[in-house]
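A.B. asks: Output the structure for:
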Amino acid sequence: MIRQIGHCLRVLPIGLLGLLPGFTFNIVQMFKGGGFQWLMLLIAVLLAIPSLANRQGWLAKLPPYVQVRMLAGLAALIGFCLPFLGSSAFAEGLGVPFEADAGGLGILFAAILIRLPAALLAFTFAQTLGLMISFPGVLFATLFAAQMITVAIVAYTQAGAEYFAQQDRSDAEDNAVRANRLLAEFEQSGSGWFWETDRQGNISYISPKLSRALGVGDRGLIGKPLSTLSSRAGEVVADTPAGQRTLSFHLSSRTAFSDLQIAASIGGEARWWSITGRPILNEFGQFRGFIGSGSDLTEQRKSEAEVSRLARFDPLTGLANRAETGRLLIEAIGTRAGLTRPCALMMLDLDRFKQVNDTLGHPAGDALLKQVAQRLLRAVGTTGQVGRLGGDEFKVVLPGAHDRSLLAGIAKTIIETVSAPYRINDTKVTIGVSIGLALAPDDGSTSEELVRNADLALYAAKEAGRGVHRFYQAGMHSAAEERRELEQDLRRAIAEGEFHLVYQPIVSISTESIIGFESLIRWQHPTRGPISPAEFIPMAEETGLIEPIGEWILRQACADAAAWPVTARVAVNISAIQFANPRLPTLVSQVLAQSRLDPDRLELEITETVFVVGDESTDRQFAALKALGVRLALDDFGTGYSSLGYLQRAPFDKIKIDQSFVGGATLGDNRNAAIITAIVSLANTLKMETTVEGVETQDEILLVKRLGCSHIQGFVFGRPMPGKDLLARMRGSAPAAETTGHQTSRTARFRVLRAAELIAANRTQSVRIRNVSTGGAAIEPCSHLSPGMRVKLNISDGPSIEGEIRWISRTRAGMKFDHPINLAELNAPLAKAV
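C.D. replies: Numbers count the residues shown, from 1 in each chain. So this is what the prediction gives:
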């Protein structure tokens, strides 16, 4: 017994030592995998052979030490194979299900199932050898249990390790597949792409999407330099620090770069790409090439360009906006060695644009502005840059321009071009433009000075009657300050009631009796005295104050006329701005009702400018007014809108012939008489009355009577009178008119409203010519002037006249010319008496 136990103790270490090569081999097989079914087959054969030999009685004949050695060898072999018996690969080889994720009990159960046949074989083999007769059953059971526990622990540990290793391999494979799928999806559907180069900078990989976009096939770019992606290799347009280096520099210096922008061309279309890349190194730190990505920036750059364009250009007209024209002006002025470069600035303001906007609507106004912009571009050409400041204001910057005669020619071209009729939605529209000019360095060395002085010149152009241009003069600053103060005073005058009306008689030629009066507004300034309507009415129209002033005139005139004889009419001037207001008929109706004045006694005088917009709204306004029963008169005929077509549509009762046609009409070589005859004939044909304005002499009365006119109005019957004096003069239903003017005409004398410059005592001042003859003129205002003072009168686009101040009357002065002038040289639009 003791001897057999000794043999077992000698065999057991050998069996345990057999585990070591098994574990070693198993570790290797964890990386190499499989083939255990052949090993199991070998074990079965080895176990079957001694069992068969024992059954035949072969082993019993062997000496004991040989049997022990055979048992030791078998134990070593089984110990060598035991670790493999717990592997999933071996289980699969035996067809035994092995689920590693079943938990520890599942793994132990699987291990026992797998090892039990081997244990039974070993037990049978030992029994065959007769060992069980000598071994106690408990000892064998203990050894068998210890072996099973050891096997289970080894199997559980190995199965867990294999499970996590397999899980890691599966996750890695899934992540790799997912990453490849996402990259492929990004390349196909996104705007990005990937690239890789070799050591020489030649492309070793490029996204197929980009290759196809370039039309070279999937492998058409392989082996080509990366710089071939750009149509301008190496050109960089980005402003970022990285963009300051070219693509070729980064490739040659093997430095990383980010968001490098390069230009490319696909099918003739300009494209922009952003490229990012970094060098890649092998495991030894050696440079292997570049890897990176790219994206298409074309749409982004287009959006940025559009944003930049909108920031610099007017979205409606496409012209440079205020900010851009300011930049252009600064650039044009510049500085060179401290000197300002020659430059001219034109400030433009459209005349009568507000009327178009108010009557036809803002869409029509926008359409008109677009057409004006195109005309300005054609008129200016390449000599300057045209911009829109906003509304109906424009600016023209002319770099290098300093010749005043050349600039005057450009200004005249602009005025003629812009003033030509427009067609807006099948409606004929006529507007005008006023221009102010300032030159650098004469009128300023900075953009701020030029803009301010060009604005002052623009105001002077508007005061001159609009539709003209004016160069900046030093005296315009004081005139601008006076104008600002006058505007403030005008607003105060409306609130404090500083206006009053005077009335000029309208005389019937056939009866030589007064049949009515025209109401004329006067302003008695508390400190400056009387201010001419020619001075404050244009300002009221420009500032929008004309509507409250016009409403006051209408109400006051109707209230005064209600106290006159029932045969006397009152004429009230209606401005184009008032006429464009849709509520005018309602206002007239309310005033007539409140004053209890018969509608037939109210005559509304409307100028030709209302026909600038000849649309249906104009016709509706005429129809609404006529429906009230009031009379309509066409004022200043022949001095405004040049078309006669409106006479067919407008229901006028009277045509008023402007006073400019009366002056000089009695002279034999004057054509005005023929013009008056033609107008009278036209009026008679249309069954309209005629009133001749500005008659100042008795021979002019005889002339217009002979020419067939029906009514006369002018200073020949006296100055306009206040309402209280009018009531005293009105005796009877139709008082006779009394002439107070000269018997015959003096030297041809014209009443005008023309802006000019007066130089006196080395001081330049802006003035207006009120009337003029070949030998002299009446001018206003007359501040700083005195009788006997030598002066010089500069008329824009006309002569420069020297003379002497002969008289001063309030705000007006009389100037006697040193030499007679040719009135035709003035080329000035004549205005009615006010």
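
A.B. asks: out of everything not next to it in sequence, what's closest to S681?
C.D. replies: Using CB to CB, 6 or more residues apart in numbering and skipping residues adjacent in sequence, the residue nearest S681 is G708, 7.8 Å away. Placement of C-beta: from N, CA and C, glycine included.

A.B. asks: my bad, should have said S617
C.D. replies: Excluding the flanking residues, the one nearest S617 by CB to CB, 6+ apart is T359, at 5.1 Å.

A.B. asks: any idea whether that neighbour is helix, strand or coil?
C.D. replies: helix (DSSP: H, G, I helix; E, B strand; the rest coil).

A.B. asks: distance of it from W193?
C.D. replies: Distance of T359 to W193, given as CB to CB, to the nearest Å: 59 Å.

A.B. asks: what do you get for A778?
C.D. replies: A778 sits at a distance of 83 Å from W193 (criterion: CB to CB).

A.B. asks: which one of these two has more residues nearby?
C.D. replies: Neighbour totals were compared for A778 and W193, and W193 leads with 23 against 20 (other CB atoms under 10 Å).

A.B. asks: Look up phi and psi at that one.
C.D. replies: phi -150, psi 170 (degrees, to the nearest 10).

A.B. asks: Let's see the pLDDT reported for the residue lying closest to it once chain neighbours are set aside.
C.D. replies: Once flanking residues are discounted, W193 sits nearest to S207: 3.6 Å by CB to CB, 6+ apart. pLDDT, S207: 80.

A.B. asks: For S207, what are phi and psi?
C.D. replies: Dihedral angles for S207 - degrees, to the nearest 10 - are phi -60, psi 130.

A.B. asks: And for it, the neighbour number?
C.D. replies: S207: 21 neighbours (other CB under 10 Å).

A.B. asks: my guess is it contacts F194, does it?
C.D. replies: Yes. If you go by CB atoms under 8 Å, S207 and F194 touch, sitting 5.2 Å apart.

A.B. asks: ok, the residue nearest to S681 - contacts?
C.D. replies: Taking CB atoms under 8 Å, 6 or more residues apart in numbering, we find G708 in contact with T677, V680, S681, N684, T690.

A.B. asks: Let me know the helix or strand that it is in.
C.D. replies: G708 belongs to no helix or strand when assigned by DSSP states H and E.

A.B. asks: and it, backbone torsions?
C.D. replies: phi 100, psi 10.

A.B. asks: Pull up the gap between it and P820, please.
C.D. replies: Using CB to CB, one obtains 34 Å as the distance from G708 to P820.

A.B. asks: W195: how many residues sit nearby?
C.D. replies: Each residue near W195 was counted by other CB under 10 Å, and the total is 21.

A.B. asks: right, I mislabeled it, should have said K687
C.D. replies: K687: 8 neighbours (other CB under 10 Å).

A.B. asks: for it, helix, strand, or coil?
C.D. replies: Assigned state for K687: coil (three-state reduction, three-state DSSP).

A.B. asks: So for it, what pLDDT did the model give?
C.D. replies: At K687, the model reports a pLDDT of 91.

A.B. asks: Now do the contacts for it.
C.D. replies: Counting by CB under 8 Å, 6+ apart, K687 has no contacts.

A.B. asks: Tell me the helix or strand right after the helix or strand that I676 is a member of.
C.D. replies: Per DSSP H and E, I676 falls inside helix 672-685. Downstream of helix 672-685, the next assigned helix or strand under DSSP H and E is strand 689-692.
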